[in-house]
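[1] My questions concern the predicted model and sequence given below.
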Amino acid sequence: MQISANMVVSIDYTLTDDQGTVIDSSEGRGPLAYLHGCNNIIPGLENALEGKSTGDSLQVKVLPAEGYGERSDDLTQAVPKEMFEESDSIQVGMQFQTMTDSGPQVVTVIAIDDEHVTVDGNHPLAGENLNFDVTIVEIRQASAEEIEHGHVHGPDGHDH
Ligand code: ZN
(Lines give C-alpha, C1' and ligand atoms only; values in the text may rest on other atoms or scores of the structure.)
Protein backbone atom coordinates (compact mmCIF):
# COMPACT_ATOMS: atom_id res chain seq x y z
CA MET A 1 0.00 0.00 0.00
CA GLN A 2 1.27 3.46 -0.86
CA ILE A 3 0.57 6.69 0.97
CA SER A 4 -2.05 8.93 -0.60
CA ALA A 5 -4.89 11.16 0.57
CA ASN A 6 -7.27 9.80 3.21
CA MET A 7 -4.96 7.11 4.51
CA VAL A 8 -3.93 6.76 8.13
CA VAL A 9 -0.15 6.62 8.30
CA SER A 10 1.86 5.61 11.37
CA ILE A 11 5.47 6.79 11.46
CA ASP A 12 8.44 6.46 13.74
CA TYR A 13 10.44 9.65 13.55
CA THR A 14 13.30 11.63 15.00
CA LEU A 15 13.46 15.38 14.44
CA THR A 16 16.78 17.19 14.74
CA ASP A 17 17.87 20.76 14.09
CA ASP A 18 20.83 21.67 11.87
CA GLN A 19 23.18 21.30 14.86
CA GLY A 20 22.10 17.65 15.27
CA THR A 21 20.20 18.28 18.51
CA VAL A 22 17.14 16.06 18.88
CA ILE A 23 14.03 18.28 19.13
CA ASP A 24 11.36 15.59 19.11
CA SER A 25 11.09 11.85 18.63
CA SER A 26 8.51 9.07 18.68
CA GLU A 27 10.96 6.89 20.61
CA GLY A 28 9.42 5.73 23.88
CA ARG A 29 5.98 6.98 22.84
CA GLY A 30 5.28 4.72 19.89
CA PRO A 31 4.55 5.74 16.31
CA LEU A 32 2.69 8.93 15.42
CA ALA A 33 -0.53 8.26 13.50
CA TYR A 34 -1.84 11.00 11.21
CA LEU A 35 -4.41 11.36 8.44
CA HIS A 36 -2.59 11.98 5.16
CA GLY A 37 -3.74 14.94 3.07
CA CYS A 38 -5.46 16.77 5.94
CA ASN A 39 -2.70 19.08 7.20
CA ASN A 40 -2.28 17.05 10.41
CA ILE A 41 1.49 17.42 10.02
CA ILE A 42 3.66 20.14 8.47
CA PRO A 43 3.42 20.38 4.66
CA GLY A 44 7.10 19.63 3.96
CA LEU A 45 6.91 16.28 5.73
CA GLU A 46 3.49 15.35 4.38
CA ASN A 47 4.59 16.02 0.79
CA ALA A 48 7.75 13.92 1.21
CA LEU A 49 5.72 10.94 2.46
CA GLU A 50 3.30 10.94 -0.50
CA GLY A 51 3.62 7.69 -2.48
CA LYS A 52 5.89 5.95 0.06
CA SER A 53 5.23 2.39 1.32
CA THR A 54 5.20 0.51 4.62
CA GLY A 55 8.75 -0.13 5.82
CA ASP A 56 10.28 2.72 3.81
CA SER A 57 12.75 4.93 5.66
CA LEU A 58 13.59 8.40 4.51
CA GLN A 59 15.41 11.51 5.56
CA VAL A 60 13.62 14.77 4.90
CA LYS A 61 14.97 18.29 5.30
CA VAL A 62 12.09 20.74 5.73
CA LEU A 63 12.85 24.44 5.29
CA PRO A 64 10.92 27.01 7.39
CA ALA A 65 8.54 27.91 4.53
CA GLU A 66 7.23 24.33 4.55
CA GLY A 67 7.61 23.92 8.31
CA TYR A 68 6.68 26.39 11.04
CA GLY A 69 7.32 29.53 8.98
CA GLU A 70 9.96 32.23 9.18
CA ARG A 71 10.48 34.15 12.40
CA SER A 72 8.66 37.47 12.48
CA ASP A 73 9.78 40.38 14.68
CA ASP A 74 6.18 41.66 14.53
CA LEU A 75 5.19 38.85 16.88
CA THR A 76 7.42 40.14 19.67
CA GLN A 77 5.69 42.48 22.09
CA ALA A 78 6.49 44.29 25.36
CA VAL A 79 3.54 43.97 27.72
CA PRO A 80 3.17 46.13 30.87
CA LYS A 81 3.89 44.00 33.93
CA GLU A 82 0.58 44.89 35.59
CA MET A 83 -1.18 42.92 32.84
CA PHE A 84 0.05 39.75 34.56
CA GLU A 85 -1.61 38.58 37.76
CA GLU A 86 1.51 37.18 39.36
CA SER A 87 4.16 39.24 37.66
CA ASP A 88 6.79 38.50 40.33
CA SER A 89 6.86 34.81 39.46
CA ILE A 90 7.34 35.30 35.72
CA GLN A 91 10.63 34.02 34.36
CA VAL A 92 12.32 34.03 30.97
CA GLY A 93 11.37 30.89 29.07
CA MET A 94 7.88 30.57 30.55
CA GLN A 95 5.05 30.01 28.09
CA PHE A 96 1.52 31.37 28.21
CA GLN A 97 -1.52 30.82 26.04
CA THR A 98 -3.19 34.04 24.93
CA MET A 99 -6.23 34.75 22.81
CA THR A 100 -5.57 36.67 19.59
CA ASP A 101 -7.72 37.67 16.61
CA SER A 102 -6.58 34.50 14.84
CA GLY A 103 -7.27 32.16 17.77
CA PRO A 104 -5.26 30.84 20.71
CA GLN A 105 -1.54 31.42 20.52
CA VAL A 106 1.33 30.28 22.71
CA VAL A 107 3.81 33.03 23.59
CA THR A 108 7.20 32.65 25.24
CA VAL A 109 8.69 35.15 27.70
CA ILE A 110 12.03 36.30 26.26
CA ALA A 111 12.88 39.29 28.51
CA ILE A 112 11.75 40.99 31.71
CA ASP A 113 12.61 44.44 33.04
CA ASP A 114 11.17 46.59 35.85
CA GLU A 115 8.08 47.58 33.92
CA HIS A 116 7.63 45.20 31.01
CA VAL A 117 7.49 41.54 30.11
CA THR A 118 8.56 40.91 26.51
CA VAL A 119 6.80 37.96 24.90
CA ASP A 120 7.49 36.24 21.57
CA GLY A 121 4.56 34.76 19.64
CA ASN A 122 6.68 32.96 17.05
CA HIS A 123 6.40 29.18 17.05
CA PRO A 124 9.45 27.87 18.93
CA LEU A 125 10.57 26.15 15.70
CA ALA A 126 9.91 29.13 13.38
CA GLY A 127 12.95 29.88 11.22
CA GLU A 128 14.49 26.46 11.90
CA ASN A 129 15.37 23.84 9.31
CA LEU A 130 13.78 20.58 10.42
CA ASN A 131 15.60 17.32 9.73
CA PHE A 132 13.31 14.30 9.94
CA ASP A 133 14.41 10.67 10.04
CA VAL A 134 11.22 8.78 9.31
CA THR A 135 10.23 5.10 9.04
CA ILE A 136 6.74 4.20 7.88
CA VAL A 137 5.33 1.61 10.27
CA GLU A 138 1.78 1.14 9.02
CA ILE A 139 -0.60 2.44 6.37
CA ARG A 140 -4.34 1.83 6.33
CA GLN A 141 -7.45 3.29 4.75
CA ALA A 142 -9.12 5.89 6.96
CA SER A 143 -12.71 5.28 8.03
CA ALA A 144 -15.45 7.53 6.66
CA GLU A 145 -15.75 9.09 10.11
CA GLU A 146 -12.03 9.85 10.31
CA ILE A 147 -12.13 11.52 6.90
CA GLU A 148 -15.16 13.55 7.95
CA HIS A 149 -13.41 14.67 11.16
CA GLY A 150 -10.05 15.24 9.48
CA HIS A 151 -8.09 13.30 12.10
CA VAL A 152 -7.25 9.78 13.25
CA HIS A 153 -9.37 7.84 15.73
CA GLY A 154 -8.32 4.83 17.82
CA PRO A 155 -5.55 4.15 20.34
CA ASP A 156 -3.09 6.59 18.72
CA GLY A 157 -5.61 9.27 17.81
CA HIS A 158 -8.61 11.13 19.18
CA ASP A 159 -10.60 9.06 21.67
CA HIS A 160 -14.17 10.12 21.12
ZN1 ZN B 1 -12.94 12.67 15.45
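    Received it, and whenever you're ready, just let me know what you need.
[2] mind checking the SS state of the closest residue to G127 other than its chain neighbours?
    Distance criterion CB to CB, 6 or more residues apart in numbering; nearest residue to G127, sequence neighbours excluded, is R71 at 3.8 Å. Where C-beta positions appear, they are placed from N, C-alpha and C, glycine not excepted. At R71 the chain is in coil, as set by DSSP: H, G, I helix; E, B strand; the rest coil.
[3] how about R71, what does it touch?
    By CB atoms under 8 Å, 6 or more residues apart in numbering, the residues touching R71 are 64, 122, 126-127.
[4] what's the answer for H116, then?
    Contacts of H116 (CB under 8 Å, 6+ apart): 78-81.
[5] That one and the ion, how far apart?
    Taking CB to the ion, to the nearest Å as the measure, H116 falls 42 Å from the ion.
[6] Which strand residues bridge that residue?
    P80 (DSSP bridges).
[7] thinking again about what came up before, which one (most neighbours) among the contacts of R71?
    The most crowded member of those, judged by other CB atoms under 10 Å, is N122 (21 neighbours).
[8] Next one, pLDDT for that residue please.
    Looking at N122, its pLDDT reads 92.
[9] My read is that it contacts D74, right?
    No: between N122 and D74 no contact is recorded; they are 9.5 Å apart, counting by CB atoms under 8 Å.
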